[in-house]
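1. build me a structure from this.
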Amino acid sequence: MELGYRIIRPDDVGKYSLSFAQISLWRTANWDVAEGEEAVRQAIAIAQTCKTRGIRTVFHPLEYPLTNAAGPQTLDVMRRLAAASDLGIIVHDEGNAGGMRLMAAEAGMYEKNVMEISGLCHLSIENSYNSGDSTWFWERFVVPAPSDVSITLDIGHLELAGLDSVSFIRDLPQRLVERITFVHLHHHDAGEPRAVKDHKPLVSGCREIEALKVLLARKSDVRVVLELDAAEDGMGRSIELLEQLRNEK
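-> Got it, this is the predicted structure:
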C-alpha cells in the first residue's frame, strides 16, 4: 500500500511527506478553487512542480462527463492532461437521471472516449454516480478494456450510497479486485446532511478503514488517496491511522 493525498490548490504541494498526490480539478466550482480553463492550467503547472520535487501525481478531473454534449470538450481537456500525466487520470462512472444506466448510444460514446484516453495514458474509473451499480459498470467498461484501464475504488462513496463497504469489498469478484490501482479513502458521517457529502477525516475503527483492511488482504499493491482538503484539519490524523495500518502488515 502506497499513501497519497489530494492537492486542490498550488500551495498544497509538499504539505505532507507522501510519495504521490492526486491533483483534483473542477470544470465548474462555486467555492474557493479554480475552475474551467484556469483549473486545467493550474493542474498542469502543479504536476510540473510536483515532478521537480519527486512527487508522483495522478489527475482527477471532476464534473467532466465523457458523454453527451460535454463529451468533446471533456476529451480536449483529457488530451491536455494526458500529455502532462505521470500516473494517469481518474474519471467517474456515469449514468442518467434517477440512477439509471447509460443508454446504448451514451455507453458507446463513453467506451470510445475511454479507449482514446487510455491510448494516451493510464486511465482509472471510479465509482461515484451510482456505487450500488458500480460492479456492473466496471464489468462493462473495465474488464473488456486493455489492462491500462483500471478501477479506482472509492470506499467513502460506497458508504454514502448506503452500502456496507466491508461486505461490498469482501464480495467483489476477484477479476475486479485485480484491476484496482487506486483507492479513495475518506469518512462518511451518516449524521451529516447528504449535501455535505462524505469527505470527512478518518476516525479510529471506522468502517472505511476496516474495508481497506479487507481489500489489502486481497490486493496489497494499491495506491490509497486520502481525499480530504489539505487546507483543513484532519489530514494529519488520517495519515497517522493509515500509517499504523501499514505498519501492522
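
2. for this structure, which segments are assigned as strands?
-> 2-7, 20-26, 56-62, 89-92, 123-126, 149-154, 180-185, 223-226 (DSSP state E).

3. longest helix in the chain, by residue count?
-> helix 36-52 (DSSP state H).

4. show me the shaky parts of this protein.
-> 191-198, 249 (pLDDT under 70).

5. now the helices for it?
-> Counting by DSSP H, the chain has helices at residues 36-52, 71-83, 104-118, 134-141, 155-160, 165-171, 174-177, 207-218, 235-248.

6. can you give me the buried ones in the longest one?
-> Within helix 36-52, the residues scored as buried using 16 or more other CB atoms under 10 Å are A39, V40, Q42, A43, I44, I46, A47, C50. Any C-beta I mention is one placed from the backbone N, CA and C, and that applies to glycine too.

7. residue contacts, the closest residue in space to the third one that isn't next to it in sequence?
-> Right, the one you point to is Q42. Of all residues not flanking Q42 in the chain, A34 sits nearest, at 4.9 Å (CB to CB, 6 or more residues apart in numbering). Neighbouring residues of A34 by CB atoms under 8 Å, 6 or more residues apart in numbering: R9, L25, W26, Q42.

8. give me the buried entries from those.
-> Buried among the contacts of A34 by 16+ other CB under 10 Å: R9, L25, W26, Q42.

9. okay, now the spatially closest residue to the first one that is not a sequence neighbour: neighbour count?
-> Closest residue to R9 apart from its sequence neighbours, by CB to CB, 6+ apart: V33 at 6.6 Å. Burial of V33 is recorded as 15 neighbouring residues (other CB atoms under 10 Å).
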